[in-house]
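Asker: Okay, sequence plus prediction incoming.
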Amino acid sequence: SSLELIHTYSLIHDDLPAMDNDDYRRGKLTNHKVYGEAMAILAGDALLTLAFDLCSRAEMLDHLDPRQQVRIIHELAEGSGNVGMVAGQVLDIQAENKDIDLPTLQDIHVHKTGKLIRAAVRMGALASSATPQQLTHLTDYAEDIGLAFQIADDVLNVTGTLKELGKNANTDAQRGKKTYPTFYGIDGARELAQECTARAISRRSASGRRLGLGDRTIEALGRERILAPDVDEPFLGTAREARHRERLDNGERVLLHHDPVLEGPGLRLVGVAAQVLVLVAARQERRLLAHREPGAAAAAQAGRLEL
């Protein structure tokens, strides 16, 4: 929840006239177009503050050592703040209408997009007491996923339409921004995204942890399907189904609810990364419940326990 609050605040602020000046988001008028700039700024401020309110509550992570909870909060702050997403946004604005090189573009996207995805995965790993080696593998996995997402997003900005994306297309070129297609071309950028997703899959296997995010889902990112309106991966859910859905994962039943933040063509991968956190936390809670209540472990294995 904290991750999605930060993600949504960032989109509200991104759309403001002083930044990207976008009129549409997920096929609807942007927040400031409906409620005015002042309310949009305040809404983003409130969401950001609420994110840290939630993850600092003792009852939210009462199964963790307080030092682990502080570390998780630190990961969230680092991924979203002045050395993470906000730093990337600053670099992105400064690069408009400039002849930047590829390393500069990579630095922008590592911070603007990658850091929050990295935080989402690392927070889940920390909540489930991952070993240092597993944390390293999962961090590398998250960074590959973040790069693949950004490349796919850049390609779709060139090839997509308002109907498909839920927002205006070709905005990067209009703002004088260089993107991965600028350096690699459309086909070259797609190949690079596929390389990133292949690496991510191999790193996930190396971590030795089952994340609940299927290889088909990760591969779909390399083909841009994760952002397209015809998503068919059952794990993700779409705007076409505003209802609860269930998925059996390794014999365990996990209840995933429709989340308007994750809907439709505007789906952002950080939401998928957040689902990693949800799944890992749910499994941690199952283990604790099984320890406290006799018979719960058998129920979980049989798929009868829903969290």
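Answerer: Arrived safely. Residues are numbered from 1 along each chain as shown.

Asker: And the helices in this structure, which stretches?
Answerer: Per DSSP state H, the chain carries helices over the ranges 2-14, 31-35, 37-56, 66-80, 85-94, 102-109, 115-127, 132-159, 162-165, 171-174, 180-207, 215-222, 269-292, 296-301.

Asker: Low-confidence regions, the stretch 151-300 of the chain specifically.
Answerer: For the stretch 151-300 of the chain, residues meeting the criterion pLDDT under 70 lie at 205-300.

Asker: Go again with 80.
Answerer: Under the criterion pLDDT under 80, the flagged ranges of the stretch 151-300 of the chain are 204-300.

Asker: about what we covered before: comparing the helices of the chain, which stretch has the densest surroundings?
Answerer: Between the helices of the chain, helix 115-127 has the highest mean count of neighbours, a mean of 26, where neighbours are mean count of other C-beta atoms under 10 Å. Glycine gets a C-beta too; all of them are placed from N, C-alpha and C.

Asker: That helix versus helix 85-94: what angle between them?
Answerer: Angle between the axes of helix 115-127 and helix 85-94 is 170 degrees (criterion: axes from the mean of the first three to the mean of the last three C-alpha atoms, to 10 degrees).

Asker: Next one: residue 96 from residue 171, what distance?
Answerer: Going from residue 96 to residue 171 by C-beta to C-beta, to the nearest Å gives 11 Å.

Asker: Same check on residue 93?
Answerer: When distances are taken as C-beta to C-beta, residue 93 and residue 171 turn out to be 14 Å apart.

Asker: need the contact list for residue 200.
Answerer: Under the criterion of C-beta atoms under 8 Å, 6 or more residues apart in numbering, the contact list for residue 200 reads 141, 144, 145, 148, 218.

Asker: Just name the closest of those to residue 108, please.
Answerer: For the contacts of residue 200, the closest approach to residue 108 (C-beta to C-beta) belongs to residue 148, at 15.8 Å.

Asker: The closest residue in space to that closest one that isn't next to it in sequence: what's it in contact with?
Answerer: Using C-beta to C-beta, 6 or more residues apart in numbering and skipping residues adjacent in sequence, the residue nearest residue 148 is residue 196, 3.7 Å away. By C-beta under 8 Å, 6+ apart, residue 196 lies in contact with 144, 145, 147, 148, 151, 222.

Asker: any chance of the helices of the chain in JSON lines, plus distance to residue 24?
Answerer: Formatted as JSON lines, those follow (distance: least, C-beta to C-beta, whole Å):
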{"stretch": "helix 2-14", "distance to residue 24": "12"}
{"stretch": "helix 31-35", "distance to residue 24": "8"}
{"stretch": "helix 37-56", "distance to residue 24": "14"}
{"stretch": "helix 66-80", "distance to residue 24": "24"}
{"stretch": "helix 85-94", "distance to residue 24": "20"}
{"stretch": "helix 102-109", "distance to residue 24": "23"}
{"stretch": "helix 115-127", "distance to residue 24": "22"}
{"stretch": "helix 132-159", "distance to residue 24": "13"}
{"stretch": "helix 162-165", "distance to residue 24": "7"}
{"stretch": "helix 171-174", "distance to residue 24": "10"}
{"stretch": "helix 180-207", "distance to residue 24": "22"}
{"stretch": "helix 215-222", "distance to residue 24": "23"}
{"stretch": "helix 269-292", "distance to residue 24": "19"}
{"stretch": "helix 296-301", "distance to residue 24": "43"}
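
Asker: Point out the one among those helices that comes closest to residue 25.
Answerer: In terms of C-beta to C-beta, the element of the helices of the chain nearest to residue 25 is helix 2-14, at 6.2 Å.
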